[in-house]
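Enquirer: would you be able to build a 3D model of this:
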Amino acid sequence: MTGMRVLLTTRGSAGHLLPLAPVGHACLRAGHEVLVAAQRQHESNVARTGLPFAPVGDPPADEWMGLMATFAELSIDDSNAAMIAEFFADIDVRAALPGLRAIVADFKPDVIVRESWEFTSPLVAELHGIPLVRVGLGLAAVEELSIRLAAPAVERQRAALGLPPDPAGERLRDTPYLTMVPAPLDDPGAVLPELTHRFAPPPPAADEPPPLAAWWPGNDDPLVLLSFGSVTAGEHLPYFPALYRAAIDALAPVRARVLVTIGDARDPAELGELPGSVHVERWVAQDAVAPHLAAMICHGGYGSTLGALRHGVPLVVMPLFSIDQWVNAAAVARTGAGVALDAERATRKVLALPDGATLAALRPAVERVLGDRSHRREAQRIAHAARALAPVDAAVDVVYATYTGVPTGERA
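Expert: This is a model prediction of the structure:
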């Protein structure tokens, strides 16, 4: 296999980079040259992956902050439409386009591998005749919705660059599609991309999970992880400490040890005095703690949801601010791998906290998942399907086939 120069393109925020990085490392292991193009503000995220970084422009703060300010009055679905169409497919693209064109001129990639909410690279790839591969950030239903929402804004950029019309976004669809979502989690009625290739995520670094820290000496109650992802506690969102504190209080009566992670942005002391059953950390590697878990509470983010299910851990999903969280919650409930607290999708404003009824449902949902073993059985079924997939290193064959123009495989 002749060596390739592979350019990975992403917005660079943690949730967008997470599914892309394993493909980059697989290409490196196969002897190919890899570079990650991401927004300059996310350099530290790329650095944590160990992949080489090339910056593109950040979206101007006055534009994206102004857009975010309007979100508070929008519904979940309307805000998602605005985020994809106005932010990812417009503000981001205009900011990144000059930098990405310069990177392509210098690096001269043989193939570009993009995450599916990064919309600059399809334009640059077409301008330079570079083949393109897409890595999914969620279930197939979210992928198709995102293309439909992004297509009008991308079409305006195409016109400005002198590219032929593509009003329905067919060129966004018409690439190989790599996903680490096991088939049982996708909606059976969803339309899969034409060339879908499923791969297993990388295995944990160690064969045996490390022992759990002695946060509760002498206590062997079931362990529950509460994690709302890497950005939820950020200063630009309204969830910390109020949502975290409300969840902690709801869980205090549950006979369980509750490990809470909040990310690096905030101080655990802001949560106040904690029940004895609760311990808070800024960061704990999910793969390290998952083998010890009886259940996990999350917001339905890609990494949190798949990370739990690949270990067979049942979930309680309380979606918050992104449409994929609500779709993932529905998938967890549909498969029986947990409980979705998602009754507010049609009524909640996107940046509002879950209402009293949803928070009151948290304790019984956790107790149900802990007490009903069917949820663990279904989560383990999904874990088995994930483990049966080809390893992510096999994705390099798809990338190489795209580069050479020799097709490999069909629908997964």
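
Enquirer: which one in the protein is furthest away from the centre?
Expert: Relative to the centre of the chain, the most outlying C-alpha is that of residue 218, 35.9 Å out, by CA atoms, centre = their mean.

Enquirer: now it, what's its secondary structure?
Expert: Judged by DSSP: H, G, I helix; E, B strand; the rest coil, the three-state class of residue 218 is coil.

Enquirer: and for residue 395?
Expert: Assignment for residue 395 (three-state DSSP): helix.

Enquirer: run through who's touching stretch 347-355.
Expert: For stretch 347-355, contacts defined as CB atoms under 8 Å, 6 or more residues apart in numbering pick out 71-76, 78-80, 237-239, 242-243, 246, 318, 320-321, 341, 344. C-beta here means a position set from N, CA and C on the backbone, and glycine is covered the same way.

Enquirer: restricted to helices, list those.
Expert: The members of these that map onto helices under DSSP state H are 71, 76, 78, 79, 80, 242, 243, 246.

Enquirer: the closest residue in space to residue 240 that isn't next to it in sequence and residue 263, how far apart?
Expert: Closest residue in space to residue 240, ignoring its immediate chain neighbours: residue 233 at 3.8 Å, by CB to CB, 6 or more residues apart in numbering. Relative to residue 263, residue 233 is positioned 5 Å away (CB to CB, to the nearest Å).

Enquirer: so the chain: which segments form each domain?
Expert: 5-203+389-404, 223-387 (automatic domain parsing).

Enquirer: what about residue 233 and residue 263, which has more around it?
Expert: Per other CB atoms under 10 Å, whichever of residue 233 and residue 263 has more neighbours is residue 233, with 22 against 18.

Enquirer: what about the strands in the stretch 101-250 of the chain?
Expert: For the stretch 101-250 of the chain, strands defined by DSSP state E, counting those that start in this stretch occupy the ranges 111-115, 132-135, 177-179, 196-200, 223-227.

Enquirer: and the residue lying closest to residue 177 once chain neighbours are set aside, what does it touch?
Expert: The shortest distance from residue 177 to any non-neighbouring residue, by CB to CB, 6+ apart, is to residue 193 (3.8 Å). By CB under 8 Å, 6+ apart, the residues touching residue 193 are 134, 140, 143, 173, 175, 177.

Enquirer: and residue 237, by the same measure?
Expert: Applying CB under 8 Å, 6+ apart, the residues near residue 237 are 231, 321, 351.

Enquirer: just among the residues you listed, which is most surrounded?
Expert: residue 321 (24 neighbours).

Enquirer: quick check on it: phi, psi?
Expert: When read as degrees, to the nearest 10, the backbone of residue 321 gives phi -130, psi -10.

Enquirer: residue 297 now?
Expert: Dihedral angles for residue 297 - degrees, to the nearest 10 - are phi -110, psi 130.

Enquirer: pull up the gap between it and residue 154, please.
Expert: Going from residue 297 to residue 154 by CB to CB gives 36 Å.

Enquirer: A helix includes residue 263, no?
Expert: No: counting by three-state DSSP, one finds residue 263 to be coil, located in no helix.

Enquirer: residue numbering should commence at 733 henceforth.
Expert: Let's use 733 as the start, then, which means that last one is residue 995.

Enquirer: surely it is in contact with residue 1015?
Expert: Yes: under the criterion of CB atoms under 8 Å, residue 995 makes contact with residue 1015 at 6.8 Å.

Enquirer: show me what counts as buried in stretch 930-946.
Expert: 930, 931, 932, 933, 936, 944 (16 or more other CB atoms under 10 Å).

Enquirer: next one, pLDDT for the fifth one please.
Expert: For residue 936, the pLDDT comes out at 68.

Enquirer: give the closest residue to residue 923 in space, chain neighbours not counted.
Expert: For residue 923, the closest residue by CB to CB, 6+ apart turns out to be residue 876, at 5.9 Å.

Enquirer: can I assume the one you found is in contact with residue 921?
Expert: No: shown here, residue 876 and residue 921 do not form a contact pair, counting by CB under 8 Å, at 11.4 Å.

Enquirer: output the below-cut-off pLDDT ranges for the stretch 933-1082 of the chain.
Expert: 936-939 (pLDDT under 70).

Enquirer: at 80 instead, please
Expert: The stretch 933-1082 of the chain contains residues with pLDDT under 80 at 935-941.

Enquirer: cool, the stretch 733-882 of the chain as well?
Expert: 733, 798-801, 803-804.

Enquirer: sorry, back to before: filter the ones in helices among the contacts of stretch 1079-1087 to the buried ones?
Expert: Buried among the ones in helices among the contacts of stretch 1079-1087 by 16+ other CB under 10 Å: 803, 808, 811, 812, 975, 978.

Enquirer: number of residues surrounding the spatially closest residue to residue 858 that is not a sequence neighbour?
Expert: In space, and not counting its chain neighbours, residue 858 is closest to residue 895: 5.8 Å by CB to CB, 6+ apart. Neighbours of residue 895 under the rule other CB under 10 Å: 16.
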